[in-house]
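In: Kindly generate the corresponding structure for this input.
(one chain, ligands or ions: 1)
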Amino acid sequence: MDRPHFLMTDPAAFDVSYRINPWMRPEAWSPALAAQARAGSRALKAALQAAGAHVETIGAVQGLPDLVFPANAAVVLDGRVLLARFRHPERRGEEAVFRAAFENLRARGLVDDLVELPEGLFHEGAGDAIWDADRRLFWCGFGPRSSREAVDVVGATFGQDTLALELVSDRFYHLDTCFCPLAGGKLLYYPAAFTAEAQATIRARIPATDRIEASDKEAAAFCVNAVNLDARVIMARAPDSLRRKLAAQGYALIQVDLDPFILSGGAAYCMTLRLDRASRPRTARTVAA
Ligand code: ARG
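Out: Reported below is the predicted structural model:
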């Protein structure tokens with residue numbers, strides 16, 4: 001089996017210096033948090049590697065603190081990369097940096113082609129388009145960041161089914177803050193982040209026995225923003241209640257201290273971007289390490 005490949009970003013230029021979501025409080029930032037962020041990023045990388053993954057790391061760029069969230073850079077499936085367009089001017093400078101990074105990955109054979117989003121649409125990458133490997137479709141968030149019309153672009157770009165889910169809360173502004181499909185078909189999610197219609201879409205597709213609801217406290221600890229590799233779920237420090245819930249369903253929780261990133265409104269899932277997702281189990285795709 002292929003090794004999972006992830007993209008991460010060196011956190012050397014990370015801070016909280018502007019406010020584009022309610023978690024971000026620039027006044028709470030301190031140099032001590034910068035050191036804690038570097039340690040947290042290293043620990044996350046180590047947890048991924050310990051789970052058998054390979055991690056590519058791109059360099060930090062001064063003035064682009066949120067570059068540490070590569071999940072927002074693109075949607076990637078079957079070697080195709082749909083480049084993001086950010087809603088907020090504060091993050092638009094990241095687009096060229098991520099594009100150059102993907103061109104480099106393409107030159108190395110880690111991805112195959114780069115696709116542009118049509119003008120006038122916003123889409124914040126894998127933060128708002130989550131591949132469900134068990135159901136073979138994209139769950140797509142829209143509202144606070146990504147445009148509704150961009151959901152159809154995701155479907156057409158990858159030739160896959162999509163299910164659009166409208167997000168209602170400015171605290172859970174990307175789908176990945178409140179929705180995490182787990183290997184084997186379970187779903188960890190935070191219902192209050194969704195419109196009634198979106199909740200109905202989720203319930204229609206996923207039976208109650210497969211839905212694991214996160215509490216307010218678990219969601220606010222950014223525990224739904226998790227990386228799942230088989231039975232392992234890697235996430236920010238979690239309330240005990242969640243460890244018990246996941247254990248009861250056969251998943252092992254791996255916790256990393258990501259508090260400085262939570263102050264920016266992100267955690268484990270959005271600090272990574274999975275590069276090797278395939279719509280069908282692969283026979284052989286060789287990737288240069
Ligand atoms: N400060 C960043 C923003 O507001 C955090 C992004 C976190 N990414 C995510 N997919 N949840 O854009």
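
In: Enumerate the residues of the stretch 51-200 of the chain near the ligand.
Out: Contact residues, the stretch 51-200 of the chain versus the ligand (C-beta under 6 Å from any ligand atom): Asp66, Phe69, Ala71, Asn72, Arg91, Gly127, His174, Asp176, Thr177. In short, each C-beta sits where N, CA and C put it, glycine included.

In: At which residues are the helices of this protein located?
Out: Counting by DSSP state H, the chain has helices at residues 31-50, 89-92, 94-107, 149-158, 196-205, 216-220, 240-248, 259-262.

In: Buried deepest among these, which one?
Out: helix 259-262 (a mean of 22; mean count of other C-beta atoms under 10 Å).

In: Could I get the CA-only coordinates of that helix as CSV?
Out: Coordinates of each C-alpha in helix 259-262 appear next as CSV, following Å, rounded to 0.1, in the frame of the first residue of the first chain:
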residue,chain,number,x,y,z
ASP,A,259,-3.2,25.8,21.2
PRO,A,260,-1.4,28.6,19.2
PHE,A,261,-3.0,27.5,16.0
ILE,A,262,-6.4,27.3,17.6
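
In: close to the ligand, is that helix?
Out: No - using C-beta under 6 Å from any ligand atom, helix 259-262 never reaches the ligand; the gap is at least 8.0 Å.

In: what comes into contact with that helix?
Out: Contact with helix 259-262 is made by 14, 16, 23, 33-34, 36-37, 40, 68, 221-222, 236-237, 267, 271, as judged by C-beta atoms under 8 Å, 6 or more residues apart in numbering.

In: rerun that using 7 Å as the cut-off
Out: Residues external to helix 259-262 that are found in contact with it (C-beta atoms under 7 Å, 6 or more residues apart in numbering): Trp23, Leu33, Gln36, Ala37, Gly40, Val68, Phe222, Ala236, Ala267, Met271.

In: List the contacts of Met271.
Out: Per C-beta under 7 Å, 6+ apart, neighbours of Met271: Met8, Ser41, Leu44, Val68, Phe69, Phe261.

In: of those, closest to the ligand?
Out: Phe69 (4.2 Å; C-beta to the nearest ligand atom).

In: how deep is the closest one tucked in, by neighbour count?
Out: Close neighbours of Phe69, defined as other C-beta atoms under 10 Å, add up to 29.

In: What is the neighbour count of the closest residue to it other than its chain neighbours?
Out: Excluding the flanking residues, the one nearest Phe69 by C-beta to C-beta, 6 or more residues apart in numbering is Cys270, at 4.5 Å. Cys270: 26 surrounding residues under other C-beta under 10 Å.

In: What distance do you get for Cys270 to the ligand?
Out: Using C-beta to the nearest ligand atom, to the nearest Å, we find Cys270 at a distance of 3 Å from the ligand.

In: was I right about that residue contacting Asp176?
Out: Yes - using C-beta atoms under 7 Å, Cys270 makes contact with Asp176 at a distance of 5.5 Å.

In: Mutual contacts of the two, please.
Out: In contact with both Cys270 and Asp176: Ala71, Gly127, Asn225, using C-beta under 7 Å, 6+ apart.

In: What's the local residue count around the second one?
Out: Which is Gly127. For Gly127, the neighbour count with other C-beta under 10 Å is 27.

In: The last one now?
Out: Applying other C-beta under 10 Å, we find 29 other residues in the vicinity of Asn225.

In: And it, its phi and psi?
Out: phi -80, psi 70 (degrees, to the nearest 10).

In: looking at it, it is touching Cys270, isn't it?
Out: Yes - when contacts are counted by C-beta under 7 Å, Asn225 is listed as touching Cys270 (5.9 Å).

In: you'd agree Asp230 is up against Ala183?
Out: Yes - shown here, Asp230 and Ala183 form a contact pair, counting by C-beta under 7 Å, at 5.3 Å.

In: Next, report how far stretch 37-49 is displaced from the centre of its chain.
Out: Averaging C-alpha positions (C-alpha atoms, centre = their mean, to the nearest Å) puts stretch 37-49 16 Å from its chain's average.

In: And the residue lying closest to Ala43 once chain neighbours are set aside, how close does it get to Ala84?
Out: Distances taken as C-beta to C-beta, 6+ apart put Val256 closest to Ala43, at 4.7 Å, once the chain neighbours are dropped. According to C-beta to C-beta, to the nearest Å, Val256 and Ala84 sit 24 Å apart.
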